[in-house]
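Participant: Could you look at this predicted model? Sequence included:
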Amino acid sequence: MKKTILEIYALSICFIATIFLIFHLSEGLYNFIGVVSPDLTMSSYKYEYHQSNERYKNHCCKKNKKSETEKSEAEITKLRTENYKIELRSEARSCLQKITKNIIYILLAGMLLFVHWKLSKNARENQV
């Protein structure tokens, strides 16, 4: 059966929209995991320097002019855990924002797919 230009165009858009849907659905799933468990999606760099006081001190001494070695171990632990909680909330919020974008893209790609699928179906039926 010979295909018309309209049907080829519509099916091409359907193919692109399907790839777009797959990409944003998988990215949305990853971001959902980031909302549920932000420590899994947090960058390794941020995660690592919050795992021990020594790593945290090394990180903070590079950033702050005031030496962290002057503080007691309990103060450093408190600062590190508070900072870690802030980083987790920040990661969860960032993932939630990305999910919002993914939903918008998924809806748009879904509409494109639906409209062009109907268009290709009509072009095929009108060809006969």
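Facilitator: Looks like it came in fine.

Participant: where does this structure dip in pLDDT?
Facilitator: 1, 61-69, 128 (pLDDT under 70).

Participant: Enumerate every residue touching the most centrally placed residue in it.
Facilitator: Residue closest to the mean C-alpha point of the chain, counted by Cα atoms, centre = their mean, is residue 31 at 4.2 Å. Residues in contact with residue 31, defined by Cβ atoms under 8 Å, 6 or more residues apart in numbering, are 41, 95, 96, 98, 99, 102. Backbone N, C-alpha and C define where each C-beta goes, glycine included.

Participant: from the chain's centre, how far out does whichever strand or helix holds residue 97 sit?
Facilitator: Assigned by DSSP states H and E, residue 97 belongs to helix 73-127. Computed by Cα atoms, centre = their mean, to the nearest Å, the chain-centroid distance of helix 73-127 equals 6 Å.

Participant: go on, stretch 47-54?
Facilitator: Relative to its parent chain, stretch 47-54 has a centroid offset of 24 Å by Cα atoms, centre = their mean.

Participant: Over to stretch 31-39?
Facilitator: Worked out by Cα atoms, centre = their mean, stretch 31-39 lies 9 Å from the chain centre.

Participant: May I see the buried residues of that stretch?
Facilitator: Going by neighbour count (16 or more other Cβ atoms under 10 Å), the buried part of stretch 31-39 is 31, 32, 34, 35, 38.

Participant: And for stretch 82-89?
Facilitator: Quick answer for stretch 82-89 (16+ other Cβ under 10 Å): 83, 84, 87, 88.

Participant: Stretch 19-35 too?
Facilitator: 20, 21, 24, 27, 28, 31, 32, 34, 35.

Participant: can you put those residues in CSV and add secondary structure and distance to residue 125?
Facilitator: Putting these into CSV (DSSP: H, G, I helix; E, B strand; the rest coil; distance: Cβ to Cβ, whole Å) gives the following:
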residue, secondary structure, distance to residue 125
20, helix, 26
21, helix, 25
24, helix, 31
27, helix, 36
28, helix, 34
31, helix, 40
32, helix, 39
34, helix, 45
35, helix, 44
